[in-house]
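sequence isn't available, so here's the structure alone:
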């Protein structure tokens, strides 16, 4: 059994043999031609590939022979995003990369039990957790040779997003009750909504939104003032992300968090739907192994890390069993109600309700500058009905959940991060930040020739805690609208062409 350990367990630098051998293994893979299925470039192209962009960035020689078109069609541009296949596809992808690097490590005289480390940037016990591990920021190895783990197109340190912001590595996704979510306004689920093969576009699951998407953008970022694809850091664009060696440690952590979610609550279960276990039907998943031969796989083949031959050194619950309800009550100073919510909270839910639209704004938004606001009008009878579920004196174990949707976000440029706030109308109420949306992969998802027809991406936020606070203030029953404020971390221009088709609010009865 191979054990994946925290990258910080031995300092995060080249004094750790795991990182030293990772660098040596990556160096071997980078020397292989792109037509070799065990090469660094071939493996990166499986996640995403843009020939012209790779040539412009210096990661592909225009005269270099590429694999046969049939091989490219089978292996390249497979990564699953905005999909319930997001987690199983990436698990198989990591399994392939790890096996190939391990073989190179062993061939170079390294340890036979080498395993890919993970970057646990959410570890509150480690003051360095949110920093980029030093082995990735040094330009040279201890012997003075170029460091294969270093890439120049990693602009997060220039832009001030490293160390990673605390809110960008929050683990609220672990409080999700269902793996499979909704594509129609409600909870998108821990693992994402049910889809066919989905390379980009539509609605991200909770774990994909946070911390996956935003860590990608925080690390890669972009050159200040840049609005072209060549200005982006590698991690910011799905077509270049897997060229950066830190990508695989980020995804090893996402894979680990899947195990944490399953381990923290016996009610948390993977889908049993045959479409997930055996799909997608329209295009199967395949990755190369260390001998260069292809391994076709499905979600059913990667359910168990033990079966795949690896485990993690830590899958303990960092939230100590807290549910979204108990967290909200504690934040609102209602700790005396915690025992109530534990007996009838998230873990008691067995059936997922259909989401109901209770309000929307009136026009498409164009985001320019540093702030844009809109008003979402709410259905008052529905809000009165919803208010009953927030009354702790009533026999209601779990309140309605309220979800804010930014629908069909489109942009000509990847990599923007937009902080999202809500407030009731008027100046008497403080606004609340409900989260952030990182536009990872939005450019291709906005193009009409892509599979989703240019529908862009949709981001869902659980704003139940905001509604809960309003109930305490007595302002929920008569609430007829909410103000939504979108604040890009960097001012947007017309060249970014960022729009939001609609902002809506849904409720799911619990």
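Now that the structure is in, tell me what you want to look at. Bear in mind the structure is a predicted one, so any value in this text is a computation, not a measurement. Residues are numbered from 1 along each chain as shown.

parallel or antiparallel, which strands does the helix or strand hosting residue 374 pair with?
Using DSSP states H and E, residue 374 falls within strand 372-378. Paired neighbours of strand 372-378 in the sheet (DSSP bridges): strand 356-360 (antiparallel), strand 481-488 (antiparallel).

I'd like those as JSON lines, with distance to residue 177 and mean pLDDT appended.
For glycine as for every other residue, the C-beta is placed from the backbone atoms N, C-alpha and C. Conversion of the strands paired with strand 372-378 to JSON lines gives the following (distance: least, Cβ to Cβ, whole Å; pLDDT from 0 to 100):
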{"stretch": "strand 356-360", "distance to residue 177": "18", "mean pLDDT": "96"}
{"stretch": "strand 481-488", "distance to residue 177": "24", "mean pLDDT": "95"}
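
to residue 70, which of those lies closest?
Nearest to residue 70, of all those, is strand 481-488, at 42.4 Å by Cβ to Cβ.

how about residues contacting that closest one?
359, 361, 365, 367, 370-378, 404, 406, 416-425, 431, 498, 500, 503, 505 (Cβ atoms under 8 Å, 6 or more residues apart in numbering).

check stretch 163-171 too.
Contacts for stretch 163-171 (Cβ under 8 Å, 6+ apart): 121-122, 130-132, 161, 210-211, 214-215, 218-219, 257, 318-319, 433, 435-436.

swap the cut-off to 10 Å and go again
Contacts to stretch 163-171, defined as Cβ atoms under 10 Å, 6 or more residues apart in numbering, come from residues 119-124, 127-132, 156-157, 161, 207, 210-211, 213-215, 217-219, 253, 257, 260-261, 317-319, 417, 419, 433, 435-436, 438, 489.

list the helices and strands the helix or strand harbouring residue 251 packs on?
In this structure, residue 251 sits in helix 246-264 according to DSSP H and E. Applying 3 or more Cβ pairs under 10 Å, 6 or more residues apart in numbering; DSSP states H and E, we find helix 246-264 packed against strand 2-4, helix 17-30, helix 40-47, helix 86-107, helix 206-207, helix 214-220, helix 305-308, strand 310-312.

same thing but 6 Å
For helix 246-264, the packing partners by 3 or more Cβ pairs under 6 Å, 6 or more residues apart in numbering; DSSP states H and E come out as helix 86-107.

off-centre distance for the helix it packs on?
Distance of helix 86-107 from the chain centroid (Cα atoms, centre = their mean, to the nearest Å) equals 19 Å.

do stretch 2-9 as well
21 Å.

pretty sure residue 467 sits against residue 404.
No. Here residue 467 does not reach residue 404: they are 10.3 Å apart, not a contact under Cβ atoms under 6 Å.

so what touches stretch 101-115?
Contact with stretch 101-115 is made by 2, 3, 4, 21, 24, 25, 28, 290, as judged by Cβ atoms under 6 Å, 6 or more residues apart in numbering.

what mean pLDDT does the strand holding residue 374 get?
For strand 372-378, mean pLDDT is 95.

circling back to that earlier point, which of the contacts of strand 481-488 are buried?
The neighbour count (16 or more other Cβ atoms under 10 Å) marks 359, 361, 365, 367, 372, 374, 376, 378, 404, 406, 416-424, 498, 500, 503, 505 as buried among these.

narrow those residues to those in helices?
Nothing among the buried ones among the contacts of strand 481-488 maps onto helices, per DSSP state H.

which of the residues you listed fall within strands?
359, 365, 367, 372, 374, 376, 378, 404, 406, 417-423, 498, 500, 503, 505 (DSSP state E).

now do the SS call for residue 408.
strand (DSSP: H, G, I helix; E, B strand; the rest coil).

so how many other residues sit close to it?
Residue 408 is flanked by 20 other residues according to other Cβ atoms under 10 Å.

how close does it get to residue 377?
Residue 408 sits 19 Å away from residue 377, going by Cβ to Cβ, to the nearest Å.

what of residue 421?
18 Å.

for residue 193, same thing?
Relative to residue 377, and taking Cβ to Cβ, residue 193 is found at 26 Å.

how about residue 222, phi and psi?
phi -160, psi 160 (degrees, to the nearest 10).

residue 415 is in contact with that one, correct?
Yes. Using Cβ under 6 Å, residue 222 makes contact with residue 415 at a distance of 4.9 Å.

can you give me the end-to-end span of stretch 241-250?
11 Å (Cα to Cα, to the nearest Å).

which residues touch that stretch?
For stretch 241-250, contacts defined as Cβ under 6 Å, 6+ apart pick out 7, 26, 44, 47, 59, 97, 117-119, 136, 149, 151, 215, 234-235.
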